[in-house]
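>>> structure for this input, please:
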Amino acid sequence: MIQAAGIACDGPRAAEEVPALLDRAEALLAEAGCAMPARMQLLLVLEEVVVNILRNAWPGGAGQGRVFTLALRAAPAGDAVEVAIETEDDGIPFDPTGAEAPDIDAPLDDRAIGGLGIHFMRQMTDRQSYARIGGRNRLRLERRCPAGA
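Below is the predicted model:
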């Protein structure tokens, strides 16, 4: 039985690298025993977080020399799997845990652009924490997933 598994890597530098990262993440979550519905939700959250960092953290672009790391850990815990996603970047300060929630009840034409990724992050994880330390954004997302095929 797997005790714990993880991915630790430099974050992708371009959107084209995200699908390969998601494939690795899906394999890790499956190996750890995370049930399919929770796994798909976590992959959606991971994609939202990574793509938003790539698009917004560095107004001048996310080229080489920027700090962006990602760690994904999954460990069986009885009838569940404990999952943690951690990102760190040296982009502009941004605390997604303190961002205003989008008005998802407003008519589509009246809604502001953006914010749904943060909504998904909050709804599809159990805990979210953010800190700005040493000029870097540090985001941690946690979820206890049901175990399953």
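
>>> which SS state does residue 75 fall under?
Using DSSP: H, G, I helix; E, B strand; the rest coil, the structure places residue 75 in strand.

>>> mind listing the helices for the chain?
Taking DSSP state H as the criterion, the chain contains helices spanning 18-32, 36-56, 116-124.

>>> among these, which comes closest to residue 134?
Closest approach to residue 134 among the helices of the chain (C-beta to C-beta): helix 36-56, 17.0 Å. In this view, the C-beta of every residue, glycine as well, is placed from N, C-alpha and C.

>>> what sits up against the closest one?
For helix 36-56, the surrounding residues in contact (C-beta atoms under 8 Å, 6 or more residues apart in numbering) are 11-15, 18, 21-22, 25-26, 29-30, 34, 62, 68, 70, 72, 81, 83, 85, 87, 89, 91-92, 94, 96, 117, 120-121, 124-125, 139, 141, 143, 145-146, 148-149.

>>> before we move on, the earlier item: out of the helices of the chain, which gets the lowest mean score?
The weakest mean pLDDT among the helices of the chain belongs to helix 116-124, with a mean of 87.

>>> please tell me how far the spatially most central residue of the chain sits from residue 109.
The chain has residue 46 as the residue nearest its centroid, 3.1 Å off, counting by C-alpha atoms, centre = their mean. Going from residue 46 to residue 109 by C-beta to C-beta, to the nearest Å gives 30 Å.

>>> ok, residue 28 next?
As judged by C-beta to C-beta, residue 28 and residue 109 stand 40 Å apart.

>>> more neighbours: which of these two?
For residue 28 and residue 109, the more surrounded residue by other C-beta atoms under 10 Å is residue 28, and the numbers stand at 19 against 5.

>>> show me what residue 144 bridges to in the sheet.
Note on residue 144: beta-bridge partners residue 82, judged by DSSP bridges.
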